[in-house]
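Participant: turn this into a structure:
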Amino acid sequence: MICRHAIVEELTVLCVYIHFRNELSLMNASTSGRRRVFDHCFSMRCNFPSERQKLITTVSSLFHGKLNILINNVGTNKTKPTTEYKAEDFSLLMATNFESAYHLSQLSHPLLKASSAGSIVFLSSVCGVVSVNVGSIYSATKGAMNQLTKNLACEWAKDNIRTNCVAPWFTTTPLAQPYSVEFKTGVCCSTSRKNGCSNTSCKCY
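Facilitator: The predicted model follows:
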C-alpha cells in the first residue's frame, strides 16, 4: 500500500536511475503516460539472494562503486485472522516485506558508504505503528522495518549514511483495491489521515 508511481515520477524528473522488479511493471509505467521513465530505468528479478547480489553488482558497475540512495519499496500482504495463517504465509510475508529490504541494505552498505552521503528509505506503513485490521504478520513486518530504520540510522551514521522510514496511511493501489469497505473503515478508525492515492506523493515524518 505505497505510492510507488508517485515516487518513480518524482525521481525520474531528477534523472535518477530506477530499478523495476520485472519488465511488465516497467512497460505499465511507460504506457500510463510516464514515458520518460524509460530513460533511467531497468528491470531485474530480485526474488532470491543471488538475484539481489546481481542487482548490486550491476549498480556498482553503473555508478563506479557508489550508490546515493536505496529505496526499499517492495511489499505484499495476505489478510487473515492470526489463527488461520500457515507457516508458508509467515515465511512469504517476512521474506518479501522485511528480509529482502534487510538484505539489500546489507549489500548496498559499501556503495552507500563510498558515496560519502548515502541515504536509505524504507517504505513501511501506518500498520507498523498502530493496530489496524490488515493481518498480524503484515503489521509485524512493518514494525520490524521501523525498528531496523532506527538501528541503521545510529549504526551507519558514522559512514555518512542517512536512514529514514516513510509510513503511509491507506493508499489506493492495485494491491489495496480488493479490500472491503469494512477494511477501509477499520483503518479510518485507527488513524486520522485522509485516504491517499497512488499518484500523489507521501509525506515523510
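Participant: quick one: low-confidence ranges for this protein?
Facilitator: Applying pLDDT under 70 to the chain flags residues 1-43, 170-205.
Participant: quick one: residues in contact with stretch 50-68.
Facilitator: 17, 19, 42, 44-46, 100, 103-104, 107-108, 110-112, 114-115, 117-119 (Cβ atoms under 8 Å, 6 or more residues apart in numbering). Placement of C-beta: from N, CA and C, glycine included.
Participant: now the strands for the protein?
Facilitator: For the chain, the strands defined by DSSP state E occupy 18-20, 41-43, 69-72, 118-123, 161-166, 171-172, 196-197.
Participant: output the longest helix along the chain as PDB, restricted to C-alpha atoms.
Facilitator: Scanning the chain for the helix with the most residues, using DSSP state H, yields helix 136-155. Extracted in PDB, the C-alpha atoms of helix 136-155 (Å, rounded to 0.1, in the frame of the first residue of the first chain):
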ATOM      1  CA  SER A 136      -0.800  -9.500  12.200                       C
ATOM      2  CA  ILE A 137       2.100 -10.700  10.100                       C
ATOM      3  CA  TYR A 138       2.000  -7.700   7.700                       C
ATOM      4  CA  SER A 139       1.900  -5.400  10.700                       C
ATOM      5  CA  ALA A 140       4.800  -7.300  12.300                       C
ATOM      6  CA  THR A 141       7.000  -6.900   9.200                       C
ATOM      7  CA  LYS A 142       6.300  -3.100   9.200                       C
ATOM      8  CA  GLY A 143       7.100  -2.800  12.900                       C
ATOM      9  CA  ALA A 144      10.300  -4.700  12.300                       C
ATOM     10  CA  MET A 145      11.200  -2.300   9.500                       C
ATOM     11  CA  ASN A 146      10.600   0.700  11.700                       C
ATOM     12  CA  GLN A 147      13.000  -0.700  14.300                       C
ATOM     13  CA  LEU A 148      15.600  -1.600  11.700                       C
ATOM     14  CA  THR A 149      15.400   2.000  10.500                       C
ATOM     15  CA  LYS A 150      16.300   3.300  14.000                       C
ATOM     16  CA  ASN A 151      19.100   0.900  14.400                       C
ATOM     17  CA  LEU A 152      20.700   1.600  11.000                       C
ATOM     18  CA  ALA A 153      20.300   5.300  11.500                       C
ATOM     19  CA  CYS A 154      22.500   5.100  14.600                       C
ATOM     20  CA  GLU A 155      24.900   2.300  13.400                       C
END
